[in-house]
Structure formats: C-alpha cells, structure tokens
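[1] got a predicted model here, sequence first, then my questions.
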Amino acid sequence: MSHPLWLRVLLAFMLAVMPMAWLAGDLMRAQDTMILQSQQAARRVADISAARERLATALRGLERALRQQQVLKTDAMVQLVRRHRDRVAEQTRELAGLAHPEAPPDALIRALQALPDDTPETALDQLAGLRSKALQALENSARAATRQALDDLIRDSHDHQARSARLMSLFAGLTLALVMLFTLGLSLPLKRLARAARLLGQPDWHPPGHSSVREIRELTRTLDQASRRLLDAEARKLVYLHQVSHALKTPLATLQEGIALLHDRIAGPLTPTQTEVLSLMQSGTRDMQRQIENLLLLNRLDQHGDEADARTQDLRQLIEQLYTAYLPRLIRRGLVICIGGPPLTLNAPMVALQGILENLFANMTQYAPRIHAAMSSGR
C-alpha cells in the first residue's frame, strides 16, 4: 500500500502538533484551575478575616454591655446583654465554620450562652476566661486555617508546574522521536536510491528496497526502466562493436597478406611507382589495423568493466604470453625478440595493461628493424 508524500508530511505534522496542542490545553486548564483555587483561597481568607473582625466587634459590644449593666441594672440592659451574647455566639459559630467546618464549637457556644444575666461582674470574669482561652484558640485556629489555605495554594501551584514540566519533557521527546522516525523514513529510501543511481546501467544493478511513499516508488520504477534501457543499449553497442571489428579484421588480413605477397614480388617484379603505392597501402592497412585493435580493446574494457579495478600484475608473464601469441607474425617477418629484465609486478587494470602491451607488440612487429628487436621490463 502506497501513499503520497504530502499525506505522510501531514500525518507527521499532526502527530507532532497534537501532543503540543493537548499540552497547551492542559496548561490552560491548569491555569484556570489555579485561578479558581486562588480566588477561592482569597475569598476564604477574606471571609475569615471579616469573621474575626466581626467576632472582635461582638466581643467588645458584649463587654461594653456588661460594664453598662454594672451601672444600670435594668431589664433593658439584661436584654441588651443577651442580644450581644447571642451575637457573639453567632459570630463564633461563623468563624469556627470558616476555620474548621468539621468541628463545630458547641461547647464554646454553650459556655457563652451560660453567662449569667443578673451578675455582670461574674459574667465579665467568665468572658475574660473564655476570651483568653477558648476564643483565643479559635482565632489562632482561624489564622492557621488562613496560612494553610495559602500553603495549599502554593503547593498546588508547584505541583502544577512540576506536572507541566514532566509533560513538556515527555511530549518534547515524543515529538523528537516522531521527527527522527519521519526523517529516517524518507532519508533511508533516498540513500538507497542514490546508491542505486550510481550503479545505473551496470549488470549488478538492482532496484532499491520497497518504500511506502508513492513518489519514491515511482522514482524507483523510473530508475529501473532507465537501467534496463541502458543495459540493452550497452549490449547492442557491444554486439555492434564486436561485429564491426571482426567484420573488418578478416578482409583486412586478406588485404595485408595480398600486399605482403606483392611486396615479396610473388606476382613479378615491381616498378618504383608500384613499390611506392604498396608502401602507402601498407601504411593505410596498419592504421586500419590499429583502429580495429582499439575497437576490440574498447569492447573488452566494456565487457570486463569489473576488471577495471587495479590489481597486482606480473609484467614479465604478460610479455611472455603476448610473445607466444605474436610468434607466427615474428617468424614471418624474421624477427628475433629478446625479452630481458628482472621480474616486475605492477598494480594496474588487467585489460588496460594488456591493451597497451598489445599495441607495443603490434608497433614492434611493424616498425622494428629486421633480424633483431629487444624488449625489457624495468622500473
């Protein structure tokens, strides 16, 4: 199954962006939660502070009413003291509910309601005791609740920051892994295509591995078709060179032998003009033979392209092999070849070195003086 490249890019973009988008949404939700918690904590602190102020005001009012009752011992003052006492109880219940809603101050409220109405001196003493102990403990508890609310807010803020940092690290690593996976998914097929393109048209060329990207698969098919066409054209060229070179070599050999027979006066004596014409014909046939040998050399180089790499060759052994191949021509010309020199090895391509030595032998058999020629190997 193949898919276009733009679809893979879009998929990688979505896989990389969606975690970040989710993280951004989570951060916004966490920020909204922190704002809400901050508002709730601020309202609680403000409510506790206001309740403390109201309780303090109610206590001062009750104390003032009791002192007034010491002077004015009337039923109206008794009712006023009772109202202030109920107000203190109400404010105590409110502050305790804000500070510790799970532990209502029933004992403290009963103690406040038990303050005597007819003896203000005793009520003032009991109120002072309650204020120094139970009511002060309630205020301390309210202050502790305020600090606890602020500490909870700070701790929640730190927890949200740590969680956001962990999620950011996780999503950054995930995004990096997705980017690397996407990059490798494209770079590896492209590298295989580059390696295959360097071998394009060679016999050992083979299509690179399968890829799910449609454009890369189409490019692979195009390279495969181009390589097949190159191999076919190369094969036709080699066949053509082989046919042409061998088709020319046979009549050329006949022509050379005929010229040699005429030059040896087999058909009778030659005039100076005929001798000059034969010399020109011999020169032309030698040039044609050299061109044919070059075509054959090119054909061998193309057929043995895998042997073009340099390798260690024994030069003396190659010379002796060529001497054996050219021995009939040397005998016909009456040449004696002396091969000398120490053994010598060269690091050179086999076909190219053999072609050079064949050209040397061909030139030597054509242009060397009669009777004696020397060939030496050395550095």
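    Received the coordinates, thanks. Numbering: from 1, shown residues only.

[2] hey, let's count contacts and neighbours off CA atoms from now on
    Noted.

[3] where does the stretch 151-300 of the chain have low pLDDT?
    Flagging of the stretch 151-300 of the chain using pLDDT under 70 yields the residue ranges 201-215, 246, 294-300.

[4] and the helices in the stretch 1-150 of the chain?
    For the stretch 1-150 of the chain, the helices defined by DSSP state H, counting those that start in this stretch occupy 5-71, 75-99, 106-113, 120-130, 136-198.

[5] which helix or strand lies directly C-terminal to the last one?
    To tie it back to what came earlier, the one meant is helix 136-198. Where DSSP states H and E defines the elements, the next helix or strand beyond helix 136-198 is helix 214-263.

[6] sorry, back to before: do you know which of the helices of the stretch 1-150 of the chain lies nearest Gln354?
    helix 136-198 (27.5 Å; Cα to Cα).

[7] and that closest one, what does it pack onto?
    When contacts are defined as 3 or more Cα pairs under 8 Å, 6 or more residues apart in numbering; DSSP states H and E, helix 136-198 packs onto helix 5-71, helix 75-99, helix 214-263.

[8] any idea of the angle it forms with helix 214-263?
    Using axes from the mean of the first three to the mean of the last three Cα atoms, to 10 degrees, the direction of helix 136-198 lies 20 degrees away from that of helix 214-263.

[9] got the angle between helix 136-198 and helix 120-130?
    Angle of helix 136-198 versus helix 120-130, following the same axes, to 10 degrees, is 30 degrees.

[10] most packed of the helices and strands packed on helix 136-198?
    Mean neighbour count (mean count of other Cα atoms under 10 Å) peaks for helix 75-99 among these, with a mean of 20.

[11] what about that one, average pLDDT?
    For helix 75-99, the mean per-residue pLDDT is 78.

[12] now that helix, how far from the centre of its chain.
    Put simply, helix 75-99 sits 75 Å off its chain's centre (Cα atoms, centre = their mean, to the nearest Å).

[13] next, the angle helix 5-71 makes with it.
    Using the same axes, to 10 degrees, the direction of helix 75-99 lies 160 degrees away from that of helix 5-71.

[14] if we can go back for a sec, between the helices and strands packed on helix 136-198, which gets nearest to Asp314?
    Nearest to Asp314 among the helices and strands packed on helix 136-198 is helix 214-263; the distance by Cα to Cα comes to 28.3 Å.

[15] what's that closest one packed up against?
    helix 136-198, helix 272-303.

[16] want to throw those into JSON lines with distance to Arg82?
    Converted to JSON lines, the helices and strands packed on helix 214-263 look like this (distance: least, Cα to Cα, whole Å):
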{"stretch": "helix 136-198", "distance to Arg82": "22"}
{"stretch": "helix 272-303", "distance to Arg82": "123"}
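
[17] between those helices, which gets nearest to Gln39?
    helix 136-198 (10.0 Å).

[18] tell me how many other residues crowd the residue nearest to Met34 when sequence neighbours are not counted.
    With Cα to Cα, 6 or more residues apart in numbering as the measure, Ser157 is the residue that lies nearest to Met34, at 6.8 Å, once sequence neighbours are left out. Neighbour count for Ser157, taken as other Cα atoms under 10 Å: 19.

[19] quick one on the thing from earlier: how about the helices of the stretch 1-150 of the chain in TSV, adding distance to Leu344?
    Below are these laid out as TSV (distance: least, Cα to Cα, whole Å):
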stretch	distance to Leu344
helix 5-71	59
helix 75-99	107
helix 106-113	119
helix 120-130	121
helix 136-198	35
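
[20] go through those and name the closest to Val244.
    Of all those, helix 136-198 comes closest under Cα to Cα, at 30.3 Å.

[21] thinking again about what came up before, could you dump the helices and strands packed on helix 136-198 to CSV with distance to Ala194?
    Converted to CSV, those look like this (distance: least, Cα to Cα, whole Å):
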stretch, distance to Ala194
helix 5-71, 18
helix 75-99, 75
helix 214-263, 10
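
[22] which among those helices is found nearest to Leu353?
    Between the helices and strands packed on helix 136-198, helix 214-263 lies closest to Leu353; by Cα to Cα that is 20.2 Å.

[23] report the distance from that closest one to the chain centre.
    Counting by Cα atoms, centre = their mean, helix 214-263 comes out at 46 Å from the chain centroid.

[24] ok, stretch 23-40 next?
    36 Å.

[25] so what touches it?
    With Cα atoms under 8 Å, 6 or more residues apart in numbering as the test, stretch 23-40 has contacts from 153, 156-157, 160, 164, 167-168.

[26] among these, name the buried ones.
    Using 16 or more other Cα atoms under 10 Å as the burial test, the contacts of stretch 23-40 include 153, 156-157, 160, 164, 167-168 as buried.

[27] centroid residue for the protein?
    Met180 (3.4 Å; Cα atoms, centre = their mean).

[28] so how far is Leu174 from that residue?
    To Leu174, Met180 is 10 Å away according to Cα to Cα, to the nearest Å.

[29] equivalent analysis for Met18, please.
    Distance from Met18 to Leu174, by Cα to Cα: 11 Å.

[30] can you check Phe182 too?
    For Phe182 relative to Leu174 (Cα to Cα), the value is 12 Å.

[31] that's all I had, so thanks and see you.
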